[in-house]
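Fold the stuff below for me.
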Amino acid sequence: MRATAVPARVGRFAMRFSSTPRGARLARRLTGNRLETWDIPYDSTAHDDIVLIVAELAANAVRHGRVPGRDFRLTLTVVGPSVRVEVSDARSEREPVTSAPSGHCDSGRGLLMVAALSARWGWGPRDDGPGKTVWAEYQLPHCV
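Presented below is the predicted three-dimensional model:
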């Protein structure tokens with residue numbers, strides 16, 4: 001049995017978006033489009049998972065990382081079998097909550113979902129100004 005070769009994918013996409021629900025939706029839609037150009041097709045599990053990761057991180061940037069007048073930045077990087085998602089916002093004093101929500105809370109599950117979908121994730125100080133960057137790395141299956 002022959003091993004399935006992983007397509008040689010290399011690409012980078014970076015863009016700033018307004019820290020509004022509309023900006024988060026646009027980030028999600030442009031991610032889907034970019035993944036398609038990187039041969040990660042619509043309706044594939046990998047495509048859906050990565051778009052969901054972006055949706056959660058962008059929504060968090062808008063909801064918890066918003067500073068009036070400051071945008072959030074989305075960066076997607078694909079190298080071979082790995083896609084890295086980075087979302088940078090302008091608030092450094094609000095750290096991502098990494099524990100499960102208690103009680104009947106309707107929020108707080110987004111990062112748990114990101115953790116479940118990604119190979120690894122984390123956060124750190126933003127490298128180009130005040131704020132933080134939350135990142136997740138997704139491992140593509142060999143058959144995408």
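
give me the low-pLDDT residue ranges for this structure?
Counting by pLDDT under 70, the chain has low-confidence residues at 1-8, 94-108, 143-144.

Recalculate using a threshold of 50.
Regions of the chain meeting the criterion pLDDT under 50 cover residues 1-4, 6, 104.

That one: strands as residue ranges?
10-17, 72-79, 82-89, 120-125, 132-139 (DSSP state E).

looking at those strands, which is buried most?
Most buried of those by mean neighbour count (mean count of other C-beta atoms under 10 Å) is strand 82-89; its value is a mean of 23. C-betas here are computed from N, CA, C, even on glycine.

And that one, how far out from the chain middle?
What separates the centre of strand 82-89 from the centre of its chain is 5 Å, taken as C-alpha atoms, centre = their mean, to the nearest Å.

so what strands line up beside that strand?
As defined by DSSP bridges, the strand partners of strand 82-89 come to strand 72-79 (antiparallel), strand 132-139 (antiparallel).

Point to the residue nearest the middle of the chain.
Among the residues of the chain, the one closest to the centroid is Val54, at 3.3 Å (C-alpha atoms, centre = their mean).

Compute the distance between that residue and Gly80, please.
Taking C-beta to C-beta, to the nearest Å as the measure, Val54 falls 20 Å from Gly80.

Quick one: residues contacting the closest residue to Val54 other than its chain neighbours.
The shortest distance from Val54 to any non-neighbouring residue, by C-beta to C-beta, 6 or more residues apart in numbering, is to Thr31 (4.4 Å). The neighbours of Thr31, taking C-beta atoms under 8 Å, 6 or more residues apart in numbering as the test, are Phe13, Ile50, Val51, Val54, Leu74, Leu76, Val85.

Could you rerun that using 10 Å?
Thr31 makes contact with 13, 15, 47, 50-55, 58, 74, 76, 83, 85, according to C-beta atoms under 10 Å, 6 or more residues apart in numbering.

That concludes my questions; thank you for your assistance.
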